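Q: Structure for this input, please:
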Amino acid sequence: MTFDSSNDTVAILYDIENAPYEMLDYTLGKARRFQPCRIIVVTDWDKVPEDQKRWERLRRRPGFTFRPVTRTYLGKNSLDNALYDSALVLYQDGVRRFFIITTDSDFVKIAEALNSGEKSYIIGVGTKQASETLRSAYDEFLCYPPEKPEKKPRKAKTEKSLNEEKKDADVKSSKKTEKTKKKTKSAKATEDVKATQASKKAQQKPELPKQKNAEPKKEAAAKKNVDTKNVSSKTVKAQKAAESSKKEPSKKELSKKELSKKEPSKKEPLKKEPPTSADSLTIRLPRTLQRDLERRKAEEGVSMDELVTYLIMRGLA
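A: So this is what the prediction gives:
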């Protein structure tokens, strides 16, 4: 807090007979709010010999000036009158900020004297026992020891407040349950969507090209095996027929032989039949099978007879 004043001095009037040393120490701490300033402490510390060590320590502090008072007479109220005279001297010197440390209501006269002309700013420091007249004489009053802020007692909860709290708790719990339900529903929905997508992908997967190529290859191989088996069966049948023809002559040949035996004199030329051989067979095959055999013949580099015999032997095995 700042004040409109031309001086930079703060005077502390200390009633050493009615205020302990701790009260002065507390006031010095409060006077720092006016710094930078010169602090003058006015009292009669020679009359309190038990506090001489404290006074000596206090004198060593920088920023403080001590001014002893001179008592005109001894006895009751002698210190009050001495402080009154020193306060008037300071006021005449231009000091307008004062701290008065006392609980004695006689110091009201000092406050009135300091405000008789130009108004001063006076801060009183006292205990709880200070009278209202003394407090009202100051511009500001500081109570020592400082009062701690009282803790406000908690108001007892009424039935209405308890019911309101229950309602709030129920609303919060219902909101939480709704949120959890929504989360579970959304999670289930996402899982169902993923499952349907996976099933669709599995159904839409094309067959592997290997399987497509393998099936026609298998069919072609099966056809070749069937064709070779048919060819081998036909060739076997033809061979068997040739062998039977060699062993057993036909009815026509028997009739011709008998006629030749009966008519030897006739000189008619006999027709020679072409020789039949088991090696040469004429079999009509389909064009596709012929092409496959020719291609196989070119690939293997063998003759047609060797190829046919190989296929026959493979079919018999």
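Q: Output the contacting helices and strands for the helix or strand containing residue 292.
A: If you go by DSSP states H and E, residue 292 is part of helix 287-300. The contact analysis (3 or more Cβ pairs under 8 Å, 6 or more residues apart in numbering; DSSP states H and E) places helix 287-300 against helix 209-247, helix 304-316. Quick note: C-beta positions are derived from backbone N, CA and C, even for glycine.
Q: Pull out the buried positions in the last one.
A: Yep, that's helix 304-316 we're talking about. 308, 311-312, 315 (16 or more other Cβ atoms under 10 Å).
Q: any low-confidence regions in the stretch 151-300 of the chain?
A: 151-160, 204-283 (pLDDT under 70).
Q: where exactly do the strands run in the stretch 101-250 of the chain?
A: Ranges of strands in the stretch 101-250 of the chain, per DSSP state E, counting those that start in this stretch, are 121-126, 140-143.
Q: follow-up on the earlier one: wait, which of the buried residues of helix 304-316 is closest to residue 183?
A: residue 315 (71.7 Å; Cβ to Cβ).
Q: Compute the number of surrounding residues for residue 117.
A: 9 (other Cβ atoms under 10 Å).
Q: Tell me who's in contact with the residue nearest to it when sequence neighbours are not counted.
A: The shortest distance from residue 117 to any non-neighbouring residue, by Cβ to Cβ, 6 or more residues apart in numbering, is to residue 91 (7.9 Å). Residues counted as contacts of residue 91 (Cβ atoms under 8 Å, 6 or more residues apart in numbering) are 113-114, 117, 120.
Q: Narrow the residues you listed to those that are buried.
A: Using 16+ other Cβ under 10 Å, the buried ones in those are 114, 120.
Q: could the contacts of residue 91 be laid out in a markdown table, adding pLDDT and distance to residue 133?
A: Below are those laid out as a markdown table (pLDDT from 0 to 100; distance: Cβ to Cβ, whole Å):
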| residue | pLDDT | distance to residue 133 |
| --- | --- | --- |
| 113 | 94 | 15 |
| 114 | 94 | 16 |
| 117 | 89 | 22 |
| 120 | 94 | 18 |
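Q: if we can go back for a sec, just say which of the strands of the stretch 101-250 of the chain is most tucked in.
A: Most buried of the strands of the stretch 101-250 of the chain, by mean neighbour count (mean count of other Cβ atoms under 10 Å): strand 121-126, with a mean of 23.
Q: Work out the sheet partners of that one and label each with its direction, please.
A: strand 97-101 (parallel), strand 140-143 (parallel) (DSSP bridges).
Q: Redo those as a markdown table? Include mean pLDDT.
A: Below are these laid out as a markdown table (pLDDT from 0 to 100):
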| stretch | mean pLDDT |
| --- | --- |
| strand 97-101 | 96 |
| strand 140-143 | 95 |
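Q: As a markdown table, those strands with distance to residue 27 would be great.
A: Shown next, in a markdown table, are the strands paired with strand 121-126 (distance: least, Cβ to Cβ, whole Å):
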| stretch | distance to residue 27 |
| --- | --- |
| strand 97-101 | 5 |
| strand 140-143 | 8 |
